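Student: model this:
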Amino acid sequence: MKTKHKKLQRLPHRIKRLPTGPRGGVELLLIHGVEDLGHQGDVVEVKPGYAYNYLLPHGMATLASDHHKRMVEKHRVKLQALEKVHQANLRKKATEIAKQSITIEANATEDGHLYGSVGAVDIVAALKKVDIQLNLDQIRLEGVLKELGLYTVKFRLSTEVEGELKVWVVPTVGTDDK
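Tutor: Residues are numbered from 1 along each chain as shown. Below is the predicted model of the structure:
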């Protein structure tokens, strides 16, 4: 019995080459501010993988064409005003979060050492219970919390807006079966 094998055909490569900058990277115009990279309207040069796999698919940047640059220059004042309003709203949210004090229950020994640890996931879950939405990457822990007590945890809403939050780690209230 003979089987016929089809020869695999290569599809033409449809990815356009992006314009390169003076250092050999890809030149892009940021649509949104990206932490540790630049603000909205900045022309940045990044590695091709970062451009193709993150910035472009997530709509955070576009090609740095002359047309796009002219449009940004034309609307720069409006963009700066919008960014000021956005940062003011983030500062307001940061002060509201800083007023909060959250409590996380954890299993602990009698000496106050936790059997596990409390990390960013637990803090985000506790904040969600009081209707505060933060992402894991916005919580800035220097390490996991391994003992009972009061901790000051830093959070970052943007490159310019940071705050601190009080976190109480208390022992889990046990139920006696007597």
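Student: where does pLDDT dip in this protein?
Tutor: Along the chain, segments meeting pLDDT under 70 span 1-17, 19, 174-178.
Student: how distant is the biggest helix by length in it from the center of its chain?
Tutor: Taking DSSP state H as the criterion, the chain has its longest helix at helix 66-99. Relative to the centre of its chain, helix 66-99 is centred 17 Å away, using Cα atoms, centre = their mean, to the nearest Å.
Student: for the next helix or strand after it, packing partners?
Tutor: Where DSSP states H and E defines the elements, the next helix or strand beyond helix 66-99 is strand 101-106. Helices and strands touching strand 101-106, by 3 or more Cβ pairs under 8 Å, 6 or more residues apart in numbering; DSSP states H and E, are strand 113-118, helix 120-129, strand 162-171. Heads up, the C-betas are built off the backbone N, CA and C, glycines and all.
Student: show me how far the first one is from its chain's centre.
Tutor: In terms of Cα atoms, centre = their mean, the centre of strand 113-118 is found 26 Å from the chain centre.
Student: could you dump that strand to CSV, C-alpha only?
Tutor: Listed next in CSV are the C-alpha coordinates belonging to strand 113-118 (Å, rounded to 0.1, in the frame of the first residue of the first chain):
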residue,chain,number,x,y,z
HIS,A,113,6.4,32.4,62.4
LEU,A,114,4.1,31.6,59.5
TYR,A,115,3.8,28.0,58.2
GLY,A,116,3.8,29.4,54.7
SER,A,117,4.2,33.0,53.6
VAL,A,118,2.2,36.0,52.5
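Student: what packs against it?
Tutor: strand 101-106, strand 145-147, strand 162-171.
Student: between those strands, which one is closest to residue 21.
Tutor: strand 162-171 (30.9 Å; Cβ to Cβ).
Student: now what about the closest one, what contacts it?
Tutor: 94-95, 97-98, 100-108, 114, 118, 123, 126-127, 140, 145, 147-157 (Cβ atoms under 8 Å, 6 or more residues apart in numbering).
Student: before we move on, what about stretch 39-53?
Tutor: Contacts of stretch 39-53 (Cβ under 8 Å, 6+ apart): 15, 18, 21-23, 25-33, 37-38, 55, 61, 64, 69, 72, 76, 79, 83.
Student: measure the closest residue to residue 112 other than its chain neighbours to residue 70 for me?
Tutor: Leaving out its chain neighbours, the residue that sits closest to residue 112 by Cβ to Cβ, 6 or more residues apart in numbering is residue 148, at 4.2 Å. Between residue 148 and residue 70 the computed distance is 59 Å (Cβ to Cβ, to the nearest Å).
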